[in-house]
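A.B. asks: next input, structure requested:
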Amino acid sequence: MAKISLSHTLFQKLFLALHHLSDRLNTEQFSQKDFFMSDHKNTRRSFLKQIIVGAAVLPVAGSICTQSATAQTVPNKAIDSSDPMAGNVGYVNDATTVDKAKFPKYAAGQHCKGCVLFLEGGKTVEGQTGEYGRCGLFMNGLVSANGWCNSFAAKVV
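C.D. replies: The predicted structure follows:
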């Protein structure tokens, strides 16, 4: 989130600087109707303004796209049951070890691989056996395909 709010603040500052520059370059003010409906000629000044705005917007747009792609990268490590987020949702690496008294929602046969939040299965984790995959809840690691948590929602076939 820090990267996104930093880029948002940077974008605001860039926008204000471009707006100020645009005001300084304008000697005549056109209304929107006059600008699009008149037969005024394209001037060197308007062309330069368009180039400056375009050159400023492209890097910002590129960095926002790169940050969103980077934000979705999940480390190739297994989520530990002692992780605070895992504890909040009752995640366990093996669904057969779920405390049924503590989590009455659990039913036999439920496991992460059958959950709508389980994405991109078929991954392996070094030092661990079995299949792992990305979960929509955990962005700091992978969950076991045989795991379970209280947020389980069965996939509709």
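
A.B. asks: from here on, contacts and neighbour counts on C-alpha atoms
C.D. replies: Fine.

A.B. asks: okay, now the domains of this protein?
C.D. replies: 2-71, 84-144 (automatic domain parsing).

A.B. asks: weakest of those domains by average pLDDT?
C.D. replies: Note on the domains of the chain: lowest mean pLDDT is at domain 2-71, with a mean of 62.

A.B. asks: where do the strands of the chain begin and end?
C.D. replies: 118-123, 132-135, 143-144 (DSSP state E).

A.B. asks: and those strands, which is most packed in?
C.D. replies: By mean neighbour count, with neighbours taken as mean count of other Cα atoms under 10 Å, strand 143-144 ranks first of the strands of the chain at a mean of 31.

A.B. asks: which ones are touching Val125?
C.D. replies: Asn76, Lys77, Ala78, Tyr132 (Cα atoms under 8 Å, 6 or more residues apart in numbering).

A.B. asks: and of those, the nearest to Ala145?
C.D. replies: Relative to Ala145, the closest of the contacts of Val125 is Tyr132; by Cα to Cα it sits at 5.2 Å.

A.B. asks: and the gap between the nearest residue to the closest one once chain neighbours are set aside and Ser46?
C.D. replies: Nearest in space to Tyr132, with sequence neighbours left out and distances taken as Cα to Cα, 6 or more residues apart in numbering, is Ser144 at 4.4 Å. Counting by Cα to Cα, to the nearest Å, the gap from Ser144 to Ser46 is 58 Å.

A.B. asks: about what we covered before: for Val157, which of the strands of the chain is the nearest?
C.D. replies: Evaluated over the strands of the chain, closeness to Val157 peaks at strand 118-123, with 14.2 Å, by Cα to Cα.

A.B. asks: ok, residues contacting the closest one?
C.D. replies: Cys112, Lys113, Glu131, Tyr132, Gly133, Arg134, Cys135, Gly136, Ala145.
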